[in-house]
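Participant: sequence first, then the predicted structure, then my questions.
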Amino acid sequence: EYDDVMNKQRETVYGLRHELLEGVDQRELILDDYVGGILSGFLDEFASEKLRPEQWDVKGLDEKLFDQFGLNLTTTGINAEELTRHELGDEIFEKLKEHYESKEKLLGAETMRYHERMVMLSVIDGLWKDHLLSMDHLKEGIGLRGYAQQDPLVAYKRESFDLFESMMFKFQEDTCRFLFRMQILGPDGQPIGEPERPQRAVPRAPQVA
């Protein structure tokens, strides 16, 4: 039963890898599912439905958007104070989509699809190796749960599920971060088609010649 838990996770990851190696188009998944899910989480964190607009942490949202996608509210012309939460989410999503599509126009659709798959493969392979180590550590210590009146198998299933969910969400975050912050270099070796960035140090993004 312990092995069955691991096998189901392996099937999910290997199924994704097979799609990527077969060249299945991932654009819709990235933009609608990944970006939409990440943005929804940001809104829940910084512009909760339980708060009034004046109580939103707009600065925190701005920083998260920049760190994740390389865009912020100021440079995209979005004024959060004038929008409802739903409108704010729609405006940000449209700007993110436009930014992504501008990269695709520079690279070409076929090249963009290739880079999407290569980035996703690289990210999932790295995270999967780390996940296997975490699962080994979990399995090694799970027998001790019996001393705490816990069913070791039930605890293992619950915690392995949490680990896997966390890994898959990080996969989505890392995939989007690399693709959105990917710099496209011109013949002179300088980035082209990039929006103006705030004057502060930021980690270098993967570069595509």
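Facilitator: Cool, the structure landed. As the structure is a prediction and not an experimental result, all values here were calculated from the model.
Participant: every contact and neighbour count from this point should use C-alpha atoms.
Facilitator: Will do.
Participant: just the pLDDT at the nearest residue to residue 144 once chain neighbours are set aside, thanks.
Facilitator: Nearest non-adjacent residue to residue 144, counting by C-alpha to C-alpha, 6 or more residues apart in numbering: residue 152, 7.6 Å away. The score at residue 152 is 85. That number is its pLDDT.
Participant: and residue 152, how far is that from residue 139?
Facilitator: Using C-alpha to C-alpha, to the nearest Å, one gets 9 Å for the distance from residue 152 to residue 139.
Participant: again, but for residue 132
Facilitator: For residue 132, the distance to residue 139 - C-alpha to C-alpha - is 11 Å.
Participant: distance between the host helix or strand of residue 6 and the chain's centre?
Facilitator: Assessed by DSSP states H and E, residue 6 sits inside helix 2-22. Helix 2-22 sits 19 Å away from the centroid of its parent chain (C-alpha atoms, centre = their mean, to the nearest Å).
Participant: over to stretch 79-93?
Facilitator: Centroid displacement of stretch 79-93 relative to its chain, using C-alpha atoms, centre = their mean, is 21 Å.
Participant: what of stretch 96-107?
Facilitator: 17 Å.
Participant: so which bits of that stretch are buried?
Facilitator: Under the neighbour-count criterion of 16 or more other C-alpha atoms under 10 Å, stretch 96-107 has 96, 99-100, 103, 107 buried.
Participant: show residues contacting that stretch.
Facilitator: Residues outside stretch 96-107 that contact it (C-alpha atoms under 8 Å, 6 or more residues apart in numbering): 31, 69, 71, 112, 180, 184, 193.
Participant: can you count the residues close to residue 175?
Facilitator: Residues within reach of residue 175, counting by other C-alpha atoms under 10 Å, total 24.
Participant: dump the residue contacts of the residue lying closest to it once chain neighbours are set aside.
Facilitator: Excluding the flanking residues, the one nearest residue 175 by C-alpha to C-alpha, 6+ apart is residue 120, at 5.8 Å. Shown in contact with residue 120 (C-alpha under 8 Å, 6+ apart): 20, 171, 175.
Participant: same list (those) but as CSV, adding pLDDT and distance to residue 77.
Facilitator: What follows is the contacts of residue 120, written out as CSV (pLDDT from 0 to 100; distance: C-alpha to C-alpha, whole Å):
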residue, pLDDT, distance to residue 77
20, 97, 36
171, 98, 29
175, 98, 26
